[in-house]
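> Fold the following, please.
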Amino acid sequence: MDERENQRAGYPLTIPDALLRSETMQRACTTRNFREIFRLVNRRTGSSHADMAAAIGKMTSSRVSDIIRGVRGVRGQEVIERVADGFGIPGEMLGLPRRPWEENSPGNIGAPDNPDPNLKPVVDSESGARTQYAMDNPWCLDLLAVAGLRQRVQNLDARYVSEPSTALIAETGQLLGQLAHWQTYTTTYLIRRDLYAAQAEVSTLMGQLVWDASGRTDHTTARTHFAQAEVAARELRDPVAEGLALLRTAFVALYGDKNPRAGLEIAQRTASTVHGSSHVLGGLAMLHAAEGYAMLQQRKDCERELTNAERHFEHVSEVDAAAPLFSLSQFGRLAGSCFLFLNNASRAEKYLADAANSLRDGSKSHAVVLSNLALAYIRQRKLDEAIAALYAAIDIVERHRGGGGLNLAFQAGRELRPWRDVPAVHDVYDRLMNLMAVG
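Have a look, this model is predicted:
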């Protein structure tokens, strides 16, 4: 045991530095994939399920076994903190505050020798101190303090794709409160301009989080935050920020209200707002307009908008302000959804299978794709393929509780009823029941 491991000696279970520094453990911690974390601890340290349960505290060995098998997940800040403390995982690796036992630890034990550039960045301590100083002394607010807050928003937004929204709401709400406090003191143009940008970003994120955490049922609160983002973006004269808030509002109409006409109108307004400013958002708006037409069973209009979206995506470049929102899987994901609504399951399968193969990242979008793929298989009576896709979707949903994937997984479960006497379908229902119990 080297000096750094000695720093953690005396705690219930100590993960060797080599395992903490491994890319596999780094990735599992970054995405809060507790099934993989538990599996690695179990296999690499030789610890029994009982040892692991005792280390964490308030947990049984059978629950540890369920987590490793993917039957149950790890939920709640307090449980996550106990896992970090019991296994000796630095708080930073799990997106937690620095743990008390780390105070005397020399350096960051969990930092990899060759950091993965895709792992979420950590807010610089100097930036955090500057932000806190500005909170205590708002008349001293400067551009660097606002930039530090915006960096925190970007970090939270990056975590949104693979972490439970409930785990991010409190910090996002804190940032909204900081902005409101600063705005009452700000008079200079440059600082007020950056505060509008921060307001648009954090309000859009909060709308996403609230809607997702509610299982896509709290439409009113989500719309309120998106409307606040639109107002801030218009004050800033930023069509991309305004377009993003509008697009999120279209999601609520399409997937929450189940109102394709309203969703279609907002998606088209989004495309008009960002015209000449962002091919990424223009293409995404066209994709969701296509989905609105598909819900209305207007096939030709749907296919026209899909073609328009492809044209936008052909012109995407790195200088596009919305470039971080673009991924190659988006067209297949939305086109597949369109053809499911148009009752063409075989065509939907082709798009969705390609999208699922290109994603493989355990994100909320990945869960949506896999659930829709399961629906495409079910509607073609491809039972084995449907169960495999649905199992994979549930694996992901258990980790982040994404509202879109969760709702579609339950829809797939309902469409499996004709095969309810098949043992494998029984197993799927058991896992769906566990999702409801955990939720």
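> going forward, measure contacts between C-alpha atoms and count neighbours the same way
Will do.
> Okay, now the unreliable bits of the protein?
1-12, 14, 103-136, 138-139, 437-439 (pLDDT under 70).
> Quick check: can you list the domain ranges of it?
The record, using automatic domain parsing to delimit domains, assigns the chain the ranges 3-102, 127-237, 239-321, 330-439.
> what's the distance between the residue nearest to the spatial centre of the chain and residue 320?
In the chain, the centroid-proximal residue (Cα atoms, centre = their mean) is residue 161; its distance is 1.9 Å. The span separating residue 161 from residue 320 equals 21 Å under the rule Cα to Cα, to the nearest Å.
> Likewise for residue 416?
Counting by Cα to Cα, the gap from residue 416 to residue 320 is 43 Å.
> more neighbours, those two?
It is residue 416, of residue 416 and residue 320, that has more neighbours when counted by other Cα atoms under 10 Å, with 24 against 17.
> hang on, the more buried one packs against residue 378?
Yes. With contacts counted by Cα atoms under 8 Å, residue 416 reaches residue 378, the gap being 7.0 Å.
> Output stretch 270-286 as CSV - backbone C-alpha positions only.
As requested, C-alpha coordinates have been extracted for stretch 270-286 and formatted as CSV (Å, rounded to 0.1, in the frame of the first residue of the first chain):
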residue,chain,number,x,y,z
THR,A,270,-37.8,28.0,-34.0
ALA,A,271,-36.6,27.4,-37.6
SER,A,272,-37.6,30.9,-38.5
THR,A,273,-35.9,32.4,-35.4
VAL,A,274,-32.5,30.7,-36.1
HIS,A,275,-32.6,31.2,-39.9
GLY,A,276,-29.2,32.4,-41.0
SER,A,277,-27.7,31.9,-37.5
SER,A,278,-27.5,28.1,-36.8
HIS,A,279,-27.8,25.1,-39.2
VAL,A,280,-27.7,22.8,-36.1
LEU,A,281,-30.8,24.3,-34.5
GLY,A,282,-32.4,24.8,-38.0
GLY,A,283,-32.0,21.1,-38.7
LEU,A,284,-33.2,20.1,-35.2
ALA,A,285,-36.3,22.3,-35.6
MET,A,286,-37.0,20.7,-39.0
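> Buried ones in that stretch, by neighbour count?
Using 16 or more other Cα atoms under 10 Å as the test for burial, stretch 270-286 gives 270-271, 273-274, 277-286.
> I'd like those residues as CSV, with distance to residue 431 appended.
Putting those into CSV (distance: Cα to Cα, whole Å) gives the following:
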residue, distance to residue 431
270, 38
271, 40
273, 43
274, 42
277, 45
278, 41
279, 40
280, 37
281, 36
282, 38
283, 36
284, 33
285, 35
286, 36
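> Could you find the two of the residues you listed that are most distant from each other?
Within those, two members stand farthest from each other by Cα to Cα: 277 and 286, at 14.7 Å.
> I'd like to know which elements the longest helix along the chain is packed against.
Assignment by DSSP state H gives helix 189-213 as the longest helix of the chain. Contacts of helix 189-213 with other secondary structure elements, assessed using 3 or more Cα pairs under 8 Å, 6 or more residues apart in numbering; DSSP states H and E, are made with helix 143-160, helix 166-183, helix 219-236, helix 239-251, helix 403-415.
> buried set for that helix?
Residues of helix 189-213 classed as buried: 191-213 (neighbour count, 16+ other Cα under 10 Å).
> before we move on, what about stretch 147-162?
Of the residues in stretch 147-162, those buried (16+ other Cα under 10 Å) are 147-154, 156-162.
> chain center to it, what's the gap?
11 Å (Cα atoms, centre = their mean, to the nearest Å).
> try stretch 325-343
Its chain's C-alpha centre and that of stretch 325-343 lie 18 Å apart, by Cα atoms, centre = their mean.
> next one: stretch 233-251
With Cα atoms, centre = their mean, you get 20 Å for stretch 233-251.
> Kindly format the C-alpha coordinates of that stretch as CSV.
Taking only C-alpha atoms (Å, rounded to 0.1, in the frame of the first residue of the first chain), the coordinates of stretch 233-251 have been written out as CSV:
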residue,chain,number,x,y,z
ALA,A,233,-32.3,35.8,-25.2
ARG,A,234,-34.4,38.6,-26.9
GLU,A,235,-32.9,41.2,-24.6
LEU,A,236,-29.5,39.8,-25.6
ARG,A,237,-30.6,39.7,-29.3
ASP,A,238,-29.3,36.1,-29.5
PRO,A,239,-31.4,34.1,-31.9
VAL,A,240,-29.6,30.9,-31.1
ALA,A,241,-30.4,31.1,-27.4
GLU,A,242,-34.0,32.1,-28.2
GLY,A,243,-34.3,29.3,-30.7
LEU,A,244,-33.0,26.7,-28.1
ALA,A,245,-35.6,27.8,-25.6
LEU,A,246,-38.3,27.7,-28.3
LEU,A,247,-37.3,24.2,-29.3
ARG,A,248,-37.5,22.9,-25.8
THR,A,249,-41.0,24.4,-25.6
ALA,A,250,-41.9,22.5,-28.7
PHE,A,251,-40.8,19.3,-26.9
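> what's in contact with that stretch?
The list of residues contacting stretch 233-251 from outside it, by Cα atoms under 8 Å, 6 or more residues apart in numbering, reads 193, 196-197, 200-201, 204, 208, 222-223, 226-227, 229-231, 262-264, 266-267, 269-271, 273-274, 277-278, 281, 285, 288, 321-322.
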